[in-house]
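>>> the following comprises the amino acid sequence and a computationally predicted model.
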There are 2 protein chains.
Amino acid sequence: MVKQERAARTRQALVRAAAEVFAREGFAPASLAAISARAGVSNGALHFHFENKNALARAVEREAAAVLAKITAVPDDAPGGVLQVLVDATHALMGALADDPVVRAGFDLGADASRQGGPCLRGVWRGWVEEMLQRAEQEGQLAEGVSSHGAAPAVVAATVGFEVLGAADREWLSAPKITGFWELMLPRLAPGRPLAPAGPHTTPP
Amino acid sequence: MVKQERAARTRQALVRAAAEVFAREGFAPASLAAISARAGVSNGALHFHFENKNALARAVEREAAAVLAKITAVPDDAPGGVLQVLVDATHALMGALADDPVVRAGFDLGADASRQGGPCLRGVWRGWVEEMLQRAEQEGQLAEGVSSHGAAPAVVAATVGFEVLGAADREWLSAPKITGFWELMLPRLAPGRPLAPAGPHTTPP
């Protein structure tokens, strides 16, 4: 049992170390030696858990996809409506990209031209944003003259822009930047709404 | 003279081929053999013009930077004002990213984690957008309650998003997508303006 726990911990350290090395150096130049050194384990231990670099990348992507799925889970009761869910998820995603190297690397790997076949998390996010804006439209939450079809590309592009710019400078993932975007955008999407929901959602005590 | 012309043409073919291979495969995995084959020249001819892959990348970046400088040159008379200059330049940049592999690769190279030291064209674009919005603010073209400081990150993020998404799918660089963004954004930045200038600028006959 203790042995299994230790193995699980080693595996987790390798996934995290791989994410950090991929995020810093890119997938193609990253070496297995750098990853095992960063995880503080031997090359043999790395090969016990992962056949090759691609297997490590797949593990990183799977974990990042699980975090994204949690962020984009729509609660049964969304008191602020579906636009509030979208605003909150944007803040949560940018926070995860800033703080969790596995999420950062998961997004980067999906967009890496030197790698094929992984899930494109950026594409998953895009599809979810489009779906949320469609629901907002169906529920009559969008302004007259604004369609989900017309608005979705702008929201997708801006959030992808924050994601990409945040790779080099975490300031782009900060709450003030994201709040500023929604303060510009929300009054166009839903003019009747107060501006307060543009900030990160805080759970009442 | 004929020999010099031929050399210049070979060099240009190599820069273009390098841009196409970098844009498709990424910088690190790209091979000099693939680049010379694509340019239709020998390996020897490649090495006559460029010492190594990095020298080719620098040539691509220099050409792309020159195109970006042309796109962001502000005309002495800008009849539609500085916001119109910004809208027009966005369309011009996305068109260049769609049609000119050198511009595409120049932007990609500057953001490539496996490469250091080149000019970050995305950073150049970002600085220019910020400058244009500052000028719009100084000239009293922004709406009350909207500052260039508050609006710039949203415009930078959205245009970087279109640039990045357009690498995998050129549809993101198309005039309707960019027009849709400006149709949402312009009424927030400058409510008094007509919506027409959101489209690509057409020179009167």
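Good, I have the coordinates.
>>> shaky segments in chain A?
For chain A, residues meeting the criterion pLDDT under 70 lie at A:1, A:113-114, A:116, A:193-205.
>>> find the centremost residue of it, please.
Centroid check for chain A by Cα atoms, centre = their mean gives A:Leu93 as the closest residue, at 4.6 Å.
>>> and A:Arg9, how many neighbours?
Close neighbours of A:Arg9, defined as other Cβ atoms under 10 Å in any protein chain shown, add up to 10. All C-beta atoms are positioned from the backbone trio N, CA, C, and that covers glycine.
>>> no no, A:Glu51
Neighbour number of A:Glu51 under other Cβ under 10 Å is 11.
>>> host element of it?
Taking DSSP states H and E as the definition, one finds A:Glu51 inside no helix or strand.
>>> so how far is A:Ala37 from it?
Distance of A:Glu51 to A:Ala37, given as Cβ to Cβ, to the nearest Å: 19 Å.
>>> per-domain residue ranges of chain A.
Using automatic domain parsing, the domain parsing of chain A gives A:2-59, A:61-197.
>>> in CSV, list these along with distance to chain B.
Shown next, in CSV, are those (distance: least, Cβ to the nearest Cβ, whole Å):
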stretch, distance to chain B
domain A:2-59, 4
domain A:61-197, 3
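>>> got a list of what A:Leu56 touches?
A:Leu14, A:Val15, A:Ala18, A:Leu32, A:Ile35, A:Phe50 (Cβ atoms under 8 Å, 6 or more residues apart in numbering or on different chains).
>>> and it, its phi and psi?
phi -60, psi -40 (degrees, to the nearest 10).
>>> now do A:Ala111
Per-residue torsions, A:Ala111: phi -110, psi 0 (degrees, to the nearest 10).
>>> chain neighbours aside, what residue packs nearest to it?
Distances taken as Cβ to Cβ, 6 or more residues apart in numbering or on different chains put A:Arg122 closest to A:Ala111, at 5.9 Å, once the chain neighbours are dropped.
>>> pull the number of nearby residues for the one you found.
By other Cβ under 10 Å, the residues close to A:Arg122 number 23.
>>> same question, A:Val60
28.
>>> which strand or helix spans it?
Taking DSSP H and E as the definition, A:Val60 sits inside helix A:53-71.
>>> report the angle between whichever helix or strand comes after that helix and helix A:53-71.
Where DSSP H and E defines the elements, the next helix or strand beyond helix A:53-71 is helix A:82-99. Going by axes from the mean of the first three to the mean of the last three Cα atoms, to 10 degrees, helix A:82-99 is angled at 140 degrees with respect to helix A:53-71.
>>> could you say what helices and strands the helix or strand just after helix A:82-99 packs with?
Toward the C-terminus, helix A:82-99 is succeeded by helix A:101-110 as the next helix or strand (DSSP H and E). Applying 3 or more Cβ pairs under 8 Å, 6 or more residues apart in numbering or on different chains; DSSP states H and E, one finds that helix A:101-110 contacts helix A:2-25, helix A:53-71, helix A:82-99, helix A:121-138, helix A:148-168.
>>> now do helix A:101-110 and helix A:148-168, the angle between them.
Calculated by the same axes, to 10 degrees, helix A:101-110 forms an angle of 110 degrees with helix A:148-168.
>>> residue contacts, A:Ala154?
A:Ala154 sits in contact with A:Met185, B:Ala158, B:Gly180, B:Phe181, B:Leu184, B:Met185, where contact means Cβ under 8 Å, 6+ apart.
>>> so which elements touch the helix or strand that contains the first one?
Secondary structure assignment for A:Met185, by DSSP H and E: helix A:175-189. The elements that helix A:175-189 packs onto, with contact taken as 3+ Cβ pairs under 8 Å, 6+ apart, are helix A:82-99, helix A:148-168, helix B:148-168, helix B:175-189.
>>> out of the contacts of A:Ala154, who's nearest B:Glu61?
Checking these against B:Glu61 by Cβ to Cβ gives B:Ala158 as the nearest, at 24.0 Å.
>>> need the contact list for the closest one.
B:Ala158 neighbours (Cβ under 8 Å, 6+ apart): A:Ala154, A:Ala157, A:Ala158, A:Gly161, B:Phe181, B:Met185.
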